[in-house]
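*Asks:* sequence and predicted structure, then a few things I'm wondering about:
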Amino acid sequence: MASHHPIMTREELSEFLDREFPQIHMGGRTYFVEEVGPRTARMRMDYHERHIRPGGTISGPAMMALADLALYVTLLAHIGPVALAVTTSLNFNFLRKPEHRALISDCRLLKLGKRLAVGEVSIFSEGSPDMVCHATGTYSIPDRR
């Protein structure tokens, strides 16, 4: 069973994403691993025009991508670089319109088993205490034999 403490550093996670998923940086880097801790990780998505929807707000799909990536990064921080861990479910509650600033995601693993991990992600506009989105998700962890 995986540890409650991370086994990958912020730098190792960033290098893994750069190597395995360079496509997330197409058009310029906007996703950053900020920190990792026991069953947690924080990510940042810089404000960028490509994340804006009609009406001038950050789009739901951009927040969904941030939440999914935050959950993936948090999981990998605790099980190691398992590229084929996959999302099996995600649920989103959009709570308020985000500000025209970077978004910060705080992810926490609620369950970390051999085959499944369940987590929650809280997303905030940078500098604001008000949550703009709350997500829960489950990841399938491949057999590592």
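*Replies:* Alright, I've got the coordinates.
*Asks:* helix or strand right after the helix ranked longest in the chain?
*Replies:* Counting by DSSP state H, the longest helix found in the chain is helix 60-79. Downstream of helix 60-79, the next assigned helix or strand under DSSP states H and E is strand 86-94.
*Asks:* in the protein, what helix or strand scores lowest on average pLDDT?
*Replies:* strand 52-53 (a mean of 88; mean pLDDT, DSSP states H and E).
*Asks:* partner strands of whichever helix or strand comes after it, with direction?
*Replies:* As assigned by DSSP H and E, the chain's next helix or strand after strand 52-53 is strand 57-58. Using DSSP bridges, strand 57-58 pairs in its sheet with strand 52-53 (antiparallel).
*Asks:* so what's residue 48 closest to, chain neighbours aside?
*Replies:* Excluding the flanking residues, the one nearest residue 48 by Cβ to Cβ, 6 or more residues apart in numbering is residue 30, at 4.9 Å. (Each C-beta comes from the backbone N, C-alpha and C, glycine too.)
*Asks:* how many neighbours does that neighbour have?
*Replies:* For residue 30, the count of nearby residues is 19 (other Cβ atoms under 10 Å).
*Asks:* repeat that for residue 25.
*Replies:* For residue 25, using other Cβ under 10 Å, the count is 12.
*Asks:* my read: it touches residue 31, true?
*Replies:* Yes - counting by Cβ atoms under 8 Å, residue 25 does reach residue 31; the two are 7.5 Å apart.
*Asks:* measure stretch 31-49 end to end?
*Replies:* One end of stretch 31-49 sits 14 Å from the other (Cα to Cα, to the nearest Å).
*Asks:* that stretch: which residues count as buried?
*Replies:* Judged by neighbour count (16 or more other Cβ atoms under 10 Å), stretch 31-49 contains these buried residues: 31, 33, 36, 39-45, 47.
*Asks:* so residue 32 is in contact with residue 46, correct?
*Replies:* Yes - judged on Cβ under 8 Å, residue 32 makes contact with residue 46 at a distance of 7.4 Å.
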